[in-house]
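Student: got a structure for you, letters missing:
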Ligand SMILES: Nc1ncnc2c1ncn2[C@@H]1O[C@H](COP(=O)(O)OP(=O)(O)OP(=O)(O)O)[C@@H](O)[C@H]1O
């Protein structure tokens with residue numbers, strides 16, 4: 001059930017104002033402002049070490065800014081139903097080596113509070129047919145990334161925050177993921193992601209927030 005985003009809504013759902021992040025006496029970024037509404041894709045760009053992951057973690061409520069605030073529907077994240085509306089996938093795949101792909105799906109279904117679905121079907125869509133029942137430590141890096149991204153095929157949450165989701169994927173998986181993004185945006189979802197690859201050809205309406213590398 002999409003409780004928050006709807007295609008007709010043009011109101012900002014996630015807003016960040018005057019964000020500042022300091023790490024080891026270095027200002028990674030400051031005075032960062034953004035607004036995200038239904039159907040929007042925001043790409044955070046910048047060189048290695050510019051602070052993209054740090055910004056994503058703050059936007060996901062997993063880290064505190066040194067200044068500024070993040071609001072979900074005009075409320076601070078901790079005072080809203082933000083966690084129930086977010087699907088966050090970090091740059092580490094979040095895969096447990098000893099669990100199978102199918103066991104990961106069962107865990108995420110329970111974590112998202114979803115009714116069981118046909119995990120075999122989801123994994124087949126992701127090109128993992130025949131690999132459902134072996135420990136993930138025996139899968140390749142790209143196959144493990146596909147398992148990790150299976151969350152996007154399970155979740156009904158409107159806001160996706162994804163750190164380097166294309167890492168280790170081959171061209172067919174990149175196209176599959178881009179198609180999934182298109183469907184999610186068309187149904188009123190929103191996406192914030194980091195990636196080093198240009199997205200403007202597939203997503204001409206994407207916003208780009210470029211973080212400058214600062215000393
Ligand atoms: N918890 C932390 N404590 C200390 N320093 C940190 C912490 N998290 C990040 N940093 C530092 O902040 C800087 C930015 O890190 P971050 O991971 O946000 O960069 P990034 O833009 O995502 O880089 P990449 O493109 O390489 O993934 C780095 O120099 C990193 O060492």
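Tutor: Received the coordinates, thanks. Please read these numbers as outputs of a predicted model, since none were measured by experiment. Residues are numbered from 1 along each chain as shown.

Student: How are the helices of this structure distributed by residue range?
Tutor: For the chain, the helices defined by DSSP state H occupy 52-59, 101-112, 119-125, 141-149, 151-154, 171-186.

Student: Show me what the second one packs onto, helices and strands only.
Tutor: If contacts are counted by 3 or more CB pairs under 8 Å, 6 or more residues apart in numbering; DSSP states H and E, helix 101-112 sits against helix 119-125, helix 151-154. The way it works is simple: take the backbone N, C-alpha and C, and place the C-beta from them, glycine included.

Student: most packed of the ones you listed?
Tutor: helix 151-154 (a mean of 20; mean count of other CB atoms under 10 Å).

Student: which secondary structure elements does that helix contact?
Tutor: Under the contact criterion of 3+ CB pairs under 8 Å, 6+ apart, helix 151-154 touches strand 86-89, helix 101-112, helix 119-125, helix 171-186.

Student: Kindly recompute the last result at 7 Å.
Tutor: strand 86-89, helix 101-112, helix 119-125 (3 or more CB pairs under 7 Å, 6 or more residues apart in numbering; DSSP states H and E).

Student: what's in contact with it?
Tutor: The contact list for helix 151-154, computed with CB atoms under 7 Å, 6 or more residues apart in numbering, reads 87, 89, 105, 108, 109, 112, 114, 117, 122, 125, 160, 180.

Student: Quickly note the distance from the nearest residue to the second one once chain neighbours are set aside to residue 186.
Tutor: Nearest residue to residue 89, sequence neighbours excluded (CB to CB, 6 or more residues apart in numbering): residue 162, at 5.0 Å. Here the criterion is CB to CB, to the nearest Å. By it, residue 162 lies 17 Å from residue 186.

Student: These two: who's more crowded?
Tutor: It is residue 162, of residue 162 and residue 186, that has more neighbours when counted by other CB atoms under 10 Å, with 24 against 10.

Student: Spell out which residues of this protein are next to the ligand.
Tutor: Counting by CB under 6 Å from any ligand atom, the positions of the chain adjacent to the ligand are 23, 24, 28, 46, 48, 49, 50, 51, 52, 53, 54.

Student: Looking at those residues, which gets the smallest pLDDT?
Tutor: Ranked by pLDDT, these bottom out at residue 24 (88).

Student: what about that one, neighbour count?
Tutor: 5.

Student: what do you get for residue 148?
Tutor: 24.

Student: ok, it touching residue 96?
Tutor: No. Using CB atoms under 7 Å, residue 148 is not in contact with residue 96; the gap is 10.7 Å.

Student: sorry, back to before: out of the helices of the chain, which is the most enclosed?
Tutor: helix 52-59 (a mean of 22).

Student: got the buried residues for stretch 55-72?
Tutor: Under the neighbour-count criterion of 16 or more other CB atoms under 10 Å, stretch 55-72 has 55, 56, 57, 58, 59, 60, 61, 65, 68, 70, 71, 72 buried.

Student: quick one on the thing from earlier: tabulate the helices of the chain in a markdown table, adding columns for distance to residue 19.
Tutor: Below are the helices of the chain laid out as a markdown table (distance: least, CB to CB, whole Å):
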| stretch | distance to residue 19 |
| --- | --- |
| helix 52-59 | 6 |
| helix 101-112 | 28 |
| helix 119-125 | 35 |
| helix 141-149 | 27 |
| helix 151-154 | 26 |
| helix 171-186 | 24 |
